[in-house]
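Chemist: need a 3D model of the following:
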Amino acid sequence: MNLEQDLKTIAEQEARLRFERFDAGVAWELGLRLKKAAEALHSAIAMDISLFGQTLFFYAMPGSTPDQADWIRRKRNVVQRFHRSSYAVGLMLKQKEARLEERGLDPRDYAAHGGSFPIWVGAVGCVGAVTVSGLPQREDHELVVEVLTGYLGLPYEELALDP
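Modeler: Numbers count the residues shown, from 1 in each chain. Model (predicted):
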């Protein structure tokens, strides 16, 4: 993993993976796609699509644990705070050899680990997050990106992190 390249690619993902509109119907369709992609991995994944303050889709696959819902909440809080993917925030902290606690953020409420991606709507801005938990953090991040690119009709190969 090349930290600089990953941060550059994630910035491109965040710039291009944006919606013209986002509502409960979009969340449902996106959630079903996310569930199908997760099932293909045969992993115990939990997933959440929320506007800040309202959960629109949540699913915990068989074998997942309640702990994953807490990871989702903590990762989503990072997106809500920084309007960046939780993975990007974690990589930036790693690059600076810093921690969220140094910014006054309690690790019981914030987790800068991959798996939560901001929902951007046109000129409105960041309105929510798509979050998964259950895979290694880089894979959590890429699962969300892969589903978003498919939904938005963009080629995943152009936006994928390097292996």
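Chemist: ends of stretch 129-140, what's the gap?
Modeler: In stretch 129-140, first residue to last residue: 13 Å (C-alpha to C-alpha, to the nearest Å).
Chemist: buried ones in it?
Modeler: Residues of stretch 129-140 classed as buried: 129-135, 137-140 (neighbour count, 16 or more other C-beta atoms under 10 Å). (Glycine included, C-beta is placed from N, CA and C.)
Chemist: residue 43 contacts residue 62, correct?
Modeler: No: counting by C-beta atoms under 8 Å, residue 43 stays clear of residue 62, with 10.5 Å between them.
Chemist: show me which of these two is the more surrounded one.
Modeler: residue 43 (15 against 6; other C-beta atoms under 10 Å).
Chemist: how far away is that one from residue 87?
Modeler: Per C-beta to C-beta, to the nearest Å, residue 43 is found 18 Å from residue 87.
Chemist: same question, residue 71
Modeler: For residue 71, the distance to residue 87 equals 13 Å [C-beta to C-beta].
Chemist: just want to know which of those two has more residues nearby.
Modeler: Legend: neighbour count by other C-beta under 10 Å for residue 71 and residue 87, higher for residue 87 (29 against 22).
Chemist: please report how far the closest residue to the more buried one other than its chain neighbours lies from residue 92.
Modeler: Leaving out its chain neighbours, the residue that sits closest to residue 87 by C-beta to C-beta, 6 or more residues apart in numbering is residue 114, at 3.4 Å. Counting by C-beta to C-beta, the separation of residue 114 from residue 92 is 12 Å.
Chemist: between the two, which one's more packed in?
Modeler: Using other C-beta under 10 Å, the more surrounded residue of residue 114 and residue 92 is residue 114, with 30 against 16.
Chemist: list the residues that contact the more buried one.
Modeler: Residues in contact with residue 114 (C-beta atoms under 8 Å, 6 or more residues apart in numbering) are 75, 85-87, 90, 136-141.
Chemist: just flag the most distant two among these.
Modeler: Greatest spacing in those, by C-beta to C-beta: 85 and 136 (15.2 Å).
Chemist: doesn't residue 131 belong to a strand?
Modeler: Yes: under DSSP: H, G, I helix; E, B strand; the rest coil, residue 131 sits within a strand.
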